[in-house]
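Student: predicted model and sequence below, questions to follow.
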Amino acid sequence: MWIPLLIWILHFMNLTKGLENTRRSSSVSRLCPAGCATCSALNGCLSCFPRLFFHLELDGMRQRGACLSSCPRGHYGRRSPHISTCTRCKVDCASCFSENFCTHCHPGHFLFQGKCANSCPYGLTENTVLRECTVCSPGCEVCVRRNMCVRCRADLYFLHGQCHLTCPMGFKPDVRLMQCIPKVHCEVGEWTGWGPCVRKRSMMGQETRNRQLLRSPSDDGDPCPHVSEIRKCVIKMRPKSPSRL
């Protein structure tokens, strides 16, 4: 009689204790930052949910754990079966894909084949904008990318980011600036309508039309066509007024 009752009492106590532990665990989980499997008020995240990276962030003079879907700039993600972590890139890397492959460099360093160096190998340009070693096109001494030169070899002419031994059609060389500058061709507007017929002799006259000069040509540009034309016209007779009849 007493044994079944004792078993029931013990079972009820265990059930109550289990519910309290569940409520306590649920309360702690709700207080943790997003992504944390476990945490503490002092140290932040202690462990992360699967697929997230554990990262230590500075909080004043203290480091606190955080769980991130991707690592911040200057770090790369390192996965392992137990815990995935954010690891800092090498000191000269601003960002990296892995421990031995940089993707961006700090100022004063230049990226070449995944490495950051103080200078570029021979034949490559130190691109201070992109912070990388750039392969310039032939004849180019400084470029921002392969097909965009900013300074040509001394004996070449510069035009639209390219270096030329002779200037292409439509351009002329400027030996002082070592640039190809465009030839300026004459431009004129549309013809006006024919003007009134002006008497020259008996029944014949002349009428004129004009067009505006929009742009004067350079010395080697296409010359201007005529901007004025004259043609013969016939003077129209005015009908006599009735008073003269």
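Tutor: Everything's here; your move.

Student: residues in contact with the residue nearest to residue 155 when sequence neighbours are not counted?
Tutor: Distance criterion Cβ to Cβ, 6 or more residues apart in numbering; nearest residue to residue 155, sequence neighbours excluded, is residue 165 at 7.8 Å. The way it works is simple: take the backbone N, C-alpha and C, and place the C-beta from them, glycine included. Residues near residue 165 by Cβ atoms under 8 Å, 6 or more residues apart in numbering: 139, 155, 156, 157.

Student: tell me which two of those residues sit farthest apart.
Tutor: Largest separation among the contacts of residue 165 by Cβ to Cβ: 139 and 157, giving 9.9 Å.

Student: between these two, who's got more neighbours?
Tutor: Counted by other Cβ atoms under 10 Å, residue 139 and residue 157 do not tie: residue 157 has more neighbours, with 23 against 16.

Student: tell me what that one is bridged to.
Tutor: residue 164 (DSSP bridges).

Student: residue 182 now?
Tutor: Using DSSP bridges, the bridge partners assigned to residue 182 are residue 171.

Student: what about it, how many residues nearby?
Tutor: 12.

Student: so it touches residue 173, yeah?
Tutor: No. Using Cβ atoms under 8 Å, residue 182 is not in contact with residue 173; the gap is 11.6 Å.

Student: joint contacts of those two?
Tutor: Joint contacts of residue 182 and residue 173 (Cβ under 8 Å, 6+ apart) do not exist.

Student: what's the overlap in contacts for residue 139 and residue 157?
Tutor: Common neighbours of residue 139 and residue 157 (Cβ under 8 Å, 6+ apart) are 163, 165.

Student: would you mind giving the domain segments of the protein?
Tutor: 33-88, 91-135, 188-226 (the TED database).

Student: out of the ones you listed, nearest to residue 235?
Tutor: When those are ranked by proximity to residue 235 (Cβ to Cβ), domain 188-226 comes first, at 5.1 Å.

Student: what about the closest one, distance to the chain center?
Tutor: 50 Å (Cα atoms, centre = their mean, to the nearest Å).

Student: just stretch 110-123 next, same as before
Tutor: 22 Å.

Student: measure it end to end?
Tutor: 14 Å (Cα to Cα, to the nearest Å).

Student: same deal with stretch 213-230?
Tutor: Stretch 213-230 end-to-end distance (Cα to Cα) = 17 Å.

Student: pull out the buried positions in that stretch.
Tutor: residue 221 (16 or more other Cβ atoms under 10 Å).

Student: pLDDT of it, averaged?
Tutor: Stretch 213-230 comes out with an average pLDDT of 86.

Student: please apply the same query to stretch 129-148.
Tutor: Rounded mean pLDDT across stretch 129-148 is 82.

Student: give the buried residues for that stretch.
Tutor: Here stretch 129-148 shows 131, 132, 133, 134, 136, 139, 140, 143, 144, 145 as buried, counting by 16+ other Cβ under 10 Å.

Student: can you list these in CSV and add distance to residue 80?
Tutor: As requested, the buried residues of stretch 129-148 are exported to CSV (distance: Cβ to Cβ, whole Å):
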residue, distance to residue 80
131, 32
132, 32
133, 34
134, 37
136, 43
139, 51
140, 47
143, 43
144, 41
145, 39
